[in-house]
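Undergrad: What follows is a protein structure lacking sequence information:
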């Protein structure tokens, strides 16, 4: 987005009405912003996202108009420029609205990756007689990524006078990790009932390990199909596609130009890049 969070907050405060319409497209954005720890109202963020997308749309609209004009394109250049600008405006607006959710899910994946080791450390400390508050303080000062950051916020809340149950419940609504939520609810229930925390931690750790192993097996099984698709874009499309176009050109009389070949190679490259990105994105974020 073209505006910083501070600038977006100032702009959005003046355009609250516009921001409400934008937030209506994705009501869950308020939870995404909360998970990222951004102190900005959803309406303010929506208004700033709209203005940023409007600038991007105008920029690419003028750029498309200029390129068509330089190529001496026949047709209503202004209408095509408006269509290009509208397309990029909608694309930028969609990206601005959903990008906080994408970042929140990435954070949740990082939390799931570090959570097992943090919980094992927490269980060892609790089993050795250390209080839950001191154990959470040690986790906050350790190097467990976002898990340590969350526990650091919780420890500060408890130090300021909030009860452990309320501080943990507040952390439930901050995180996007389902596994972390499950652990926190079990800790809250255990604290309120006065039972031992160790069995709850052991149960959650076993569940997380089983889920990670299952995710690795599912990813390994899906790689065969993804590799087949990659070979289709990397080998079949450039070689057999060009041969097929050459044969068809001989019957139809349509010549295969250099632009056609470049478009085919470019499409194959884009397909390969998308598949590689999908493989990387779907890979389980666990330590092996």
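TA: Sure, I can see it. Predicted, not measured: the structure shown is a model, and the values here were computed from it.
Undergrad: Please count neighbours and contacts with C-alpha atoms only from this point.
TA: Will do.
Undergrad: quick one: contacts of stretch 57-74?
TA: 77-78, 80-90, 92 (Cα atoms under 8 Å, 6 or more residues apart in numbering).
Undergrad: Buried ones in it, by neighbour count?
TA: 57-58, 60-62, 64-65, 68 (16 or more other Cα atoms under 10 Å).
Undergrad: Would you mind putting those residues into a markdown table with distance to residue 116, pLDDT and secondary structure alongside?
TA: Formatted as a markdown table, the buried residues of stretch 57-74 follow (distance: Cα to Cα, whole Å; pLDDT from 0 to 100; DSSP: H, G, I helix; E, B strand; the rest coil):
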| residue | distance to residue 116 | pLDDT | secondary structure |
| --- | --- | --- | --- |
| 57 | 44 | 87 | helix |
| 58 | 48 | 88 | helix |
| 60 | 46 | 84 | helix |
| 61 | 49 | 84 | helix |
| 62 | 51 | 84 | helix |
| 64 | 51 | 78 | helix |
| 65 | 54 | 77 | helix |
| 68 | 56 | 72 | helix |
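Undergrad: and the residues you listed as a markdown table, adding distance to residue 41?
TA: Below are those laid out as a markdown table (distance: Cα to Cα, whole Å):
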| residue | distance to residue 41 |
| --- | --- |
| 57 | 24 |
| 58 | 26 |
| 60 | 29 |
| 61 | 30 |
| 62 | 32 |
| 64 | 34 |
| 65 | 36 |
| 68 | 41 |
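Undergrad: of those residues, closest to residue 213?
TA: Of all those, residue 213 sits closest to residue 57, with 44.7 Å by Cα to Cα.
Undergrad: are any of the contacts of stretch 57-74 buried, and which?
TA: 77-78, 81-86, 88-90, 92.
Undergrad: Now, the residues you listed that are in helices?
TA: Taking DSSP state H, the ones among the buried ones among the contacts of stretch 57-74 that sit in helices are 77-78, 81-86, 88-90, 92.
Undergrad: Could you provide those residues in CSV, with additional columns for distance to residue 242?
TA: Below are those laid out as CSV (distance: Cα to Cα, whole Å):
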residue, distance to residue 242
77, 33
78, 36
81, 33
82, 35
83, 32
84, 30
85, 34
86, 34
88, 32
89, 35
90, 35
92, 35
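Undergrad: re the thing from before, can the contacts of stretch 57-74 go into JSON lines with extra columns for distance to residue 46 and pLDDT?
TA: Output for these, formatted as JSON lines (distance: Cα to Cα, whole Å; pLDDT from 0 to 100):
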{"residue": "77", "distance to residue 46": "31", "pLDDT": "72"}
{"residue": "78", "distance to residue 46": "29", "pLDDT": "76"}
{"residue": "80", "distance to residue 46": "27", "pLDDT": "78"}
{"residue": "81", "distance to residue 46": "25", "pLDDT": "79"}
{"residue": "82", "distance to residue 46": "23", "pLDDT": "82"}
{"residue": "83", "distance to residue 46": "23", "pLDDT": "85"}
{"residue": "84", "distance to residue 46": "22", "pLDDT": "83"}
{"residue": "85", "distance to residue 46": "19", "pLDDT": "85"}
{"residue": "86", "distance to residue 46": "18", "pLDDT": "88"}
{"residue": "87", "distance to residue 46": "19", "pLDDT": "88"}
{"residue": "88", "distance to residue 46": "17", "pLDDT": "88"}
{"residue": "89", "distance to residue 46": "14", "pLDDT": "88"}
{"residue": "90", "distance to residue 46": "13", "pLDDT": "88"}
{"residue": "92", "distance to residue 46": "12", "pLDDT": "87"}
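Undergrad: which of the residues you listed sit farthest apart?
TA: Greatest spatial distance among the contacts of stretch 57-74 (Cα to Cα): 77 and 92, at 22.3 Å.
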